[in-house]
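[1] Got a sequence here, can you model it:
(one chain, ligands or ions: 1)
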Amino acid sequence: MSSPKTSEPTAAETATTAEPTPETQSAGGETQVDGAAEPSNGSGLQEPEYDVEVKLADLQADPNNPLFSAKSFEELQLSPELLKGIRAMNFSKPSKIQEKALPLLLLNPPMNMIAQSQSGTGKTAAFSLNILSRLDLNNISPQALVLAPSRELARQILGVIELMGGQMPGLKVAAAIPNPKRRSDRIDAHVIVGTPGTVMDMIRRKNIDPRNLKVLVLDEADNMLDQQGMGDQSKRVKQLVPRNLQIVLFSATFPAKVIQFAHQFAPNANVLTLAADDLTIEGIKQLYVDVNADQDKYATLLKFYELMTQASSIIFVNSRRVAEELEQRMTAEGHKVAQLTGALDGQQRDEVIDRFRRGEAKVLIATNVIARGIDVQTVTMVINYDVPVTVEGRPDPETYLHRIGRTGRFGRVGVALTFVHDKRSWQNLNEIATHFNTELHLVDTGDWDAVEQMISKIVKSGRAGKSTKEMTGMDS
Ligand SMILES: Nc1ncnc2c1ncn2[C@@H]1O[C@H](COP(=O)(O)OP(=O)(O)OP(=O)(O)O)[C@@H](O)[C@H]1O
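    Numbers count the residues shown, from 1 in each chain. Next comes the predicted model:
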């Protein structure tokens, strides 16, 4: 990053309020599996090139054995119903993480797994296939439990499992997310997907019977295990479920501070990891804009508005207050935006995210509640209106990575644009870029035509695969 043109901030300028709900926190990490660029998938999209390191808990699985790298779904000996489900999703071959993780996940007797792969590379399908292949459909009691950090993500995972298991007769999948009207309802389903607080509460009230659980998945596992995230809740859930179940931890990030706890939580796990340099996705063009003062941020944001509405965009902010202010101001000026923060009730949150998924709302202003896991393929632009920071006000590389990962899903291209407005925010972003050893490009707001042309070109091109220079007109 080039040096900031902005001056030293005042304390007031730098103060940011992290979203206080338990469903907001971040994660970060380093790690590395082998592999070359994927040929085109069924969708015509191409996965980015990256290496995954495999660490096996015991040597019963030889990583060089072709059985432990599945090049097709057929060779995994899945049921015909599951193969039909995969076809219905238009997946023609496994993604890199699916290729590596599935043979290990499906081993019998089951083994625990800690697996890392970049955002948008198909982790959900990997753990969902494992779950679905282990169910006894004749027994309508919970056999698999998936925990996720937000209701939005839990609902999304539920949708994937239902779609993938759509050909499995009698399959029941249920959500355990906050719902004041159904707090006392008992859940009879084969698979439960929920947020940890609600799941814990429902097990204690005997509305979820944990006795037949065989698989426990923590999606966004680093966040679910972090003491500043949902670590305590996840630990309590684990105390309430059978001891011998298969524990599966998935995330794009595993920062050093949680990795030890992850190994305690999922003992003797097979481990799939990525190198820190491989964490960012090439299809996501990372830009930043340097504005002079806080007030100029809004004016600059408006300049991008038209580009944002060309497809779908998310504007991330660090507090509910800024989300509300931006929404009110933009709406009053006739712009169509929606807002999603932990201040809304569950029903409102569901309505907002569903409208955004359907493309009825194109610009979504959000706090970190939806920074992780949300898969809306039409999102071509992510704006960090505020540089992500931890509750202590430190730069938060993991949240940055998860936020920008809402675009550029499964080989698509996207733009991630971060605003810096003073020395502190510039330093924070610079630390994030250094953490991932990645280059961010300065947008020259002196030439709007060029900016517009460059971003439109990326946004409209839709898919990755071209060189950065070709895509952006910039050297990477
Ligand atoms: N084998 C496959 N072939 C084609 N598309 C796939 C395949 N696997 C997953 N996808 C698609 O890729 C997209 C991203 O998948 P998913 O949401 O599971 O990513 P993720 O790795 O969990 O990302 P995040 O880290 O952001 O949670 C989804 O739209 C999914 O349908």
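[2] contacts and neighbour counts: CA atoms only from here.
    Noted.
[3] So for whichever residue of the stretch 301-450 of the chain sits closest to the ligand, what's the nearest residue that isn't a sequence neighbour?
    Of all residues in the stretch 301-450 of the chain, Gly373 sits closest to the ligand, at 3.3 Å by C-alpha to the nearest ligand atom. Among residues not flanking Gly373 along the chain, Leu153 sits closest, at 6.1 Å (C-alpha to C-alpha, 6 or more residues apart in numbering).
[4] Phi first, then psi, for the one you found.
    phi -70, psi -40 (degrees, to the nearest 10).
[5] gap between it and Asp350?
    11 Å (C-alpha to C-alpha, to the nearest Å).
[6] Phe254 too?
    For Phe254 relative to Asp350 (C-alpha to C-alpha), the value is 28 Å.
[7] what about these two, which has more around it?
    Phe254 (30 against 16; other C-alpha atoms under 10 Å).
[8] sec struct for that one, please.
    Three-state assignment for Phe254 (DSSP: H, G, I helix; E, B strand; the rest coil): coil.
[9] Look up the pLDDT of it for me, please.
    Phe254 carries a pLDDT value of 94.
[10] Pretty sure it sits against Asp222.
    Yes. With contact defined as C-alpha atoms under 8 Å, Phe254 counts as touching Asp222 (5.4 Å).
[11] Kindly report the residues of this structure close to the ligand.
    For the chain, the residues found near the ligand under the criterion C-alpha under 6 Å from any ligand atom are 41, 43, 91-95, 118-125, 251-252, 372-373, 375, 405, 409-410.
[12] Out of these, which end up buried?
    Neighbour-count burial (16 or more other C-alpha atoms under 10 Å) applied to those gives 41, 91-95, 118-125, 251-252, 372-373, 375, 405, 409-410.
[13] In strands, which of the residues you listed fall?
    Judged by DSSP state E, the subset of these located in strands is Ser251.
[14] Sitting in helices, which of the buried ones among the residues of the chain next to the ligand do you find?
    123-125 (DSSP state H).
[15] Verify the stated contact: Met113 with Ala269.
    Yes. Between Met113 and Ala269 there is a contact under C-alpha under 8 Å: 4.5 Å.
[16] Which residue of these two possesses the greater neighbour count?
    Between Met113 and Ala269, counted using other C-alpha under 10 Å, Met113 has the larger neighbour count: 28 against 24.
[17] Identify the bridge partners of that one.
    Val248, Asn270 (DSSP bridges).
[18] try Ile284
    Beta-bridge partners, per DSSP bridges, of Ile284: Gly414.
[19] Quick one: neighbours of Asn212, just the number.
    16.
[20] mind checking how far it is from the ligand?
    26 Å (C-alpha to the nearest ligand atom, to the nearest Å).
[21] Setting aside sequence neighbours, what's the nearest residue to that residue?
    Closest to Asn212 by C-alpha to C-alpha, 6+ apart is Gln143, at 5.4 Å.
[22] My understanding was that the one you found contacts Leu213; is that so?
    Yes. Look at Gln143 against Leu213 with C-alpha under 8 Å: they come within range, at 3.9 Å.
[23] what about Ile315, how many neighbours?
    Other residues close to Ile315 by other C-alpha under 10 Å number 25.
[24] Could you pull up the residues touching the nearest residue to Leu225 once chain neighbours are set aside?
    Using C-alpha to C-alpha, 6+ apart and skipping residues adjacent in sequence, the residue nearest Leu225 is Gly231, 3.9 Å away. By C-alpha atoms under 8 Å, 6 or more residues apart in numbering, the contact list for Gly231 reads 223-225.
[25] With Gly120 instead?
    Contacts of Gly120 by C-alpha under 8 Å, 6+ apart are 373, 375, 405-406, 408-410.
[26] Make TSV from those residues and add pLDDT to it.
    TSV is the format used below for those (pLDDT from 0 to 100):
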residue	pLDDT
Gly373	96
Asp375	96
Gly405	96
Arg406	97
Gly408	92
Arg409	93
Phe410	92
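[27] from those, which is closest to Arg236?
    Gly373 (23.0 Å; C-alpha to C-alpha).
[28] how about Phe73, phi and psi?
    phi -70, psi -30.
[29] what's around it, how many residues?
    Phe73: 19 neighbours (other C-alpha under 10 Å).
[30] cool, and Gly194?
    Counted with other C-alpha under 10 Å, Gly194 comes out at 27.
[31] Against the ligand, how distant is it?
    Gly194 is 15 Å from the ligand, by C-alpha to the nearest ligand atom.
[32] Look up the closest residue to that residue, ignoring the ones flanking it.
    Closest to Gly194 by C-alpha to C-alpha, 6+ apart is Ala176, at 4.2 Å.
[33] Backbone dihedrals for that neighbour, please?
    Torsion angles, degrees, to the nearest 10, at Ala176: phi -120, psi 80.
[34] Just list the residues touching it, thanks.
    Ala176 sits in contact with 192-195, 198-199, 202, where contact means C-alpha under 8 Å, 6+ apart.
[35] please redo it, this time with the cut-off set to 7 Å
    192-195, 198-199 (C-alpha atoms under 7 Å, 6 or more residues apart in numbering).
[36] export these to a markdown table and tack on pLDDT?
    Shown next, in a markdown table, are these (pLDDT from 0 to 100):
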| residue | pLDDT |
| --- | --- |
| Ile192 | 98 |
| Val193 | 98 |
| Gly194 | 97 |
| Thr195 | 97 |
| Thr198 | 95 |
| Val199 | 96 |
